[in-house]
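Visitor: task: produce atomic coordinates for the following.
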Amino acid sequence: MPAYLVVEYDKGPDGFHGMQALINEKAAEGYALLQVIERSTYEWVLIFRKT
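Guide: Predicted structure coming up:
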């Protein structure tokens, strides 16, 4: 059964460069990005799946 990880992200001053760094960090931990949901202009929810 796959494990999922849900991360709330506020892009703030780092913008999408910070989001890419988070995605890369989670990939190094063995998670693949499954879905990104925009909650507002600055707030996002990223859903990862353990690979």
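Visitor: please, where are all the strands along this structure?
Guide: For the chain, the strands defined by DSSP state E cover 4-10, 31-38, 43-50.
Visitor: closest one to Asn24 among these?
Guide: When those are compared by C-beta to C-beta, strand 31-38 sits nearest Asn24, at 10.0 Å. Quick note: C-beta positions are derived from backbone N, CA and C, even for glycine.
Visitor: returning to that earlier point: can you list the strands of the chain in CSV and add mean pLDDT?
Guide: CSV is the format used below for the strands of the chain (pLDDT from 0 to 100):
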stretch, mean pLDDT
strand 4-10, 95
strand 31-38, 96
strand 43-50, 96
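Visitor: pick the most buried one from those.
Guide: Greatest average neighbour count among the strands of the chain goes to strand 43-50 (a mean of 16), per mean count of other C-beta atoms under 10 Å.
Visitor: wait, what's in contact with the residue nearest the centre of the chain?
Guide: Nearest residue to the geometric centre of the chain (C-alpha atoms, centre = their mean): Leu46, 3.6 Å. Leu46 makes contact with 6-7, 9, 19, 22-23, 26, 33, 35-37 under the criterion C-beta atoms under 8 Å, 6 or more residues apart in numbering.
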